[in-house]
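Colleague: Requesting a structural model of the entry that follows:
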Amino acid sequence: MSKRQKQIATIIIAGVIILLALFIYGKKSFTGTFFCLSNIVDGEEEGRQENISLESEEELSPIALPEPLPEPLTPEDREKSIPILMYHSIGDNDGHYASLYVRESEFADHLDALMGQGYHTITMAELTAHWVLGMPLPPKPVVLTFDDGYRDAYTAAFPLLQERGMCAVFYIDTQKIDKDYGLLADMIKEMHETGMEIGSHTVHHLDLTTLKVDMLKKELADSRTMLEELCGGEIISFCYPAGRNNAEVREAVAASGYQNATTTRGGRAFMDDDIFALKRLRINRGDTGEDILKKIGD
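Modeller: Numbers count the residues shown, from 1 in each chain. Just a heads-up that it's a prediction; the model follows:
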């Protein structure tokens, strides 16, 4: 198990401890409160508080706990804002969506600029555990995300990340797996096993706001199930195809077992944001390392 996988395992175990404590004190059900801060998503104004009730009658199995466990941070001591960078593909494609194809040399420059300014890459699982449970993070955390699951995530982005001991989150629409232009199943397994986080981007990359309830649930569940079978672990991070979402879609994502979700809305993500509607900073072809630092606000 890699160092990063051990860190993520520790975070998950800490969450289980909290659940155990709630169970021991007779709280077999609890309510997680998510706040939506006056966001405009697809023309719909959000400014309400949503309550998602979680109940379980399952018995919890004994677990071996690592020592020492990290001391949870108080809300006041947690990072108030963490930049989440949005990439799509690493390559030289000059087609209709050329702006989404960041060149390898540019991506390497981005990584070096971040390292040079003391940034540390984390996963969405770690971001969630920090904001929700108070798990500690390294200084100046930043999340790198890749949408769609193109083959160059493995052939181009992955090696550059590994060379620098950095990590990223790869959101995969599972219809691409084992296709000519998509990631192979073995590639996904290797990336997961070496510390990259794998997230869901649905099965068919459809506009979720247009789907009937049954199809919406199927897109969310089937992609998650397939990725969990490939990775041998829980998939908790989600990304809306083309960023399209509304209150019904966000509720379905939460109900499907995901613990966070990112959009394509521009800006930094804040701890007080709806964790199922987190903003990201779009990275385009031509952006230099200096441009990245400016977008982050360094």
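Colleague: What is the neighbour count of the nearest residue to Pro138 once chain neighbours are set aside?
Modeller: What sits nearest to Pro138 in space, not counting adjacent residues and going by Cβ to Cβ, 6 or more residues apart in numbering, is His120, at 3.9 Å. (Each C-beta comes from the backbone N, C-alpha and C, glycine too.) By other Cβ atoms under 10 Å, 15 other residues sit near His120.
Colleague: And His120, how far from Ala129?
Modeller: 15 Å (Cβ to Cβ, to the nearest Å).
Colleague: can you check Tyr101 too?
Modeller: Distance of Tyr101 to Ala129, given as Cβ to Cβ: 32 Å.
Colleague: More neighbours: those two, which one.
Modeller: Ala129 (27 against 20).
Colleague: Report the secondary structure state of that one.
Modeller: Put simply, Ala129 is helix when judged by DSSP: H, G, I helix; E, B strand; the rest coil.
Colleague: Pro141 is in contact with that one, correct?
Modeller: No: if you go by Cβ atoms under 8 Å, Ala129 and Pro141 don't touch, sitting 11.7 Å apart.
Colleague: Who are the contact partners of the residue nearest to Pro138?
Modeller: 137-142 (Cβ atoms under 8 Å, 6 or more residues apart in numbering).
Colleague: How about the residue most central in space within the chain: what's its closest non-neighbour residue?
Modeller: What sits nearest the mean C-alpha location of the chain, by Cα atoms, centre = their mean, is Met124, with 3.7 Å. Spatially, and ignoring its direct neighbours in sequence, Met124 is nearest to Ser237 (4.1 Å; Cβ to Cβ, 6+ apart).
Colleague: What's opposite the one you found in the beta bridge?
Modeller: Asn260 (DSSP bridges).
Colleague: list the contacts for it?
Modeller: 123-125, 128, 169, 171, 197, 199-200, 258-262.
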